[in-house]
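>>> just coords:
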């Protein structure tokens, strides 16, 4: 191989390495057109400005703008979910580091005690007239290897001295192992914290675009409505009423399609279920979900599905209030063993999970969780917030904690931890999940809590406070095939 060829290959390797670093690092998308929904917004703007565009063209453009707003919002929520998971992993790594340091300190104290005990044996031997040359070789050493080397130069002391030598050796081995583990845990914790910080930047970047996209979409829609009103010879107010009717028709069609998919998922699960189940299926009459009406916050419904077996409740795990800081250090938490832990992403599941026939919660706890969520209506949004500001999983986790059950802190991990129940059996307190690919739980980006009467409570983004909406009023095509029940 020539020298020139070697230089070319070396440069290629350098560029390949640089490329891998760029891919691995945080993605800062500076171009607005790179974001989901931008194509629909651009097309709608072109239609609104096109003098040859007809009524159907503008109606279609306005409909596509609603999809564009949803795509931008979903993109921001997905980035936020990535951050929440990274933050959980960072918190877990910090917990592991604290536990590792605690165990390393304890091991070093045990080593000091073992050395003191060995020194005590030497002093006793001196008082009893024993050989100080033998034990002095041990006590004067700094490491276990020195203990062994120096003591082999003399005759062995008493059996008791040999026992304490072995204790020193064992204690020093444990201390060095624990300290190495603590050093490794520190490296892991720092990497997790850096990753959480990068994900936070990405999430805020996506959120900023979503807000920009919604503003542009609303402006474009207003222009299109004005043109439509002029073309049809009506007022803008009348055209807005017409557009509201068209939107209601689209929502009704989307709801019908979502309910059809949900029925198919339930039928498929029942067809593949064990014909001789060991536990009975819930049998209570399900509450049907009415067509969205856009009503205000309702009182939670009293209808519920009884649990088929006894319920074991748990004490809610306290959730500290989050601040706006992207990465925080939790209070020290003891772990039972020095095993590095983190919060992994749920394993993607390409097929629909089977319907669950058991869960921890009671219908009464579900009503309590739903009622508590309604007390959070109007709260401000905060990415990763668990009070007094909240994100989507912050609302659901606190609401269920108020009912006596602790659930995890991200929508993806919540879906992995709860029981999956058909929509036909939905009851207050159940969780509704949304994903870019409803057949893949790893793409979940949002969770809401069902509060009865066909309504859910949720926190979505910084542009509006937490509130209630109809179950099928938003992103119905992205609803997971089953609801979740803690």
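Arrived safely, thanks for sending. It should be emphasised that the depicted structure is a prediction, and the values quoted were computed from it without experimental measurement.
>>> Around residue 238, count how many other residues there are.
12 (other Cβ atoms under 10 Å). Bear in mind the C-beta positions are built from the backbone N, C-alpha and C, glycine included.
>>> wait, is it part of a strand?
No - looking at residue 238 with DSSP: H, G, I helix; E, B strand; the rest coil, it is helix, so not inside a strand.
>>> I figured it hits residue 229, correct?
Yes - using Cβ atoms under 8 Å, residue 238 is in contact with residue 229, at 7.1 Å.
>>> any shared contact partners between the two?
Here residue 238 and residue 229 have no joint contacts, going by Cβ atoms under 8 Å, 6 or more residues apart in numbering.
>>> what about the longest strand in this protein?
Under DSSP state E, the strand in the chain containing the largest number of residues is strand 444-452.
>>> can you tell me the average pLDDT over it?
Here strand 444-452 scores 95 as its mean pLDDT.
>>> Could you do stretch 183-192 as well?
88.
>>> next one: stretch 73-93
Per-residue scores along stretch 73-93 average to 86.
>>> what do you get for stretch 394-412?
For stretch 394-412, mean pLDDT rounds to 93.
>>> Please apply the same query to stretch 45-56.
The model assigns stretch 45-56 a mean pLDDT of 79.
>>> Quick check: end-to-end length of that stretch?
15 Å (Cα to Cα, to the nearest Å).
>>> what's next to it, contact-wise?
By Cβ under 8 Å, 6+ apart, stretch 45-56 touches 57, 58, 60, 61, 216, 220, 223, 224, 227, 228, 231, 232.
>>> low pLDDT regions in the protein?
Scanning the chain for pLDDT under 70 picks out 1-35, 122, 124-160, 273-357.
>>> mind redoing it with 50?
Scanning the chain for pLDDT under 50 picks out 1-32, 132, 153-157, 276-316, 318-352.
>>> Okay, domains of it per the record?
As recorded under automatic domain parsing, the domains making up the chain are 34-233, 296-307+359-486.
>>> Turn those domains into a markdown table, including distance to residue 247 and mean neighbour count.
Formatted as a markdown table, the domains of the chain follow (distance: least, Cβ to Cβ, whole Å; neighbours: other Cβ atoms under 10 Å):
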| stretch | distance to residue 247 | mean neighbour count |
| --- | --- | --- |
| domain 34-233 | 7 | 18 |
| domain 296-307+359-486 | 10 | 22 |
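>>> Mind checking those for the one nearest to residue 255?
With Cβ to Cβ as the measure, domain 296-307+359-486 is the member of these nearest residue 255 (3.8 Å).
>>> where's residue 484 relative to residue 224, distance?
Distance of residue 484 to residue 224, given as Cβ to Cβ, to the nearest Å: 39 Å.
>>> Then residue 252?
The gap separating residue 252 from residue 224 is 22 Å, by Cβ to Cβ.
>>> Residue 371 too?
41 Å.
>>> How about residue 116?
Computed as Cβ to Cβ, the residue 116 to residue 224 distance reads 84 Å.
>>> what sits against the residue lying closest to residue 438 once chain neighbours are set aside?
Take residue 438 and drop its neighbours on the chain: the residue closest to it by Cβ to Cβ, 6 or more residues apart in numbering is residue 480, 5.2 Å away. By Cβ under 8 Å, 6+ apart, the residues touching residue 480 are 415, 432, 433, 434, 435, 438, 441, 444.
>>> Now, those residues that are in strands?
Reading strands off the contacts of residue 480 with DSSP E, I get 432, 433, 434, 435, 444.
>>> nearest to residue 84, of the residues you listed?
residue 444 (11.2 Å).
>>> where do the strands sit along this protein?
Taking DSSP E, the strands of the chain run over residues 419-421, 431-435, 444-452, 455-458, 467-470, 483-485.
>>> Neighbouring strands - and their directions - for the longest one?
With DSSP bridges as the test, strand 444-452 is paired with strand 431-435 (antiparallel), strand 455-458 (antiparallel).
>>> Relative to residue 402, which of the ones you listed is closest?
strand 455-458 (12.9 Å).
>>> neighbouring contacts of the closest one?
Strand 455-458 is contacted from outside by 295, 297-298, 370, 373-374, 376-377, 392, 395, 399, 432, 446-451, 466-471, using Cβ under 8 Å, 6+ apart.
>>> check contacts around residue 435.
Residue 435 makes contact with 441, 443, 444, 445, 478, 480 under the criterion Cβ under 8 Å, 6+ apart.
>>> and those, which two are the farthest apart?
Longest span within these, Cβ to Cβ: 441 and 478, 12.5 Å.
>>> Need the strands paired with strand 444-452 in TSV (columns: distance to residue 269).
Putting the strands paired with strand 444-452 into TSV (distance: least, Cβ to Cβ, whole Å) gives the following:
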stretch	distance to residue 269
strand 431-435	16
strand 455-458	23
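>>> And residue 411, how far from residue 398?
Residue 411 is 14 Å from residue 398, by Cβ to Cβ.
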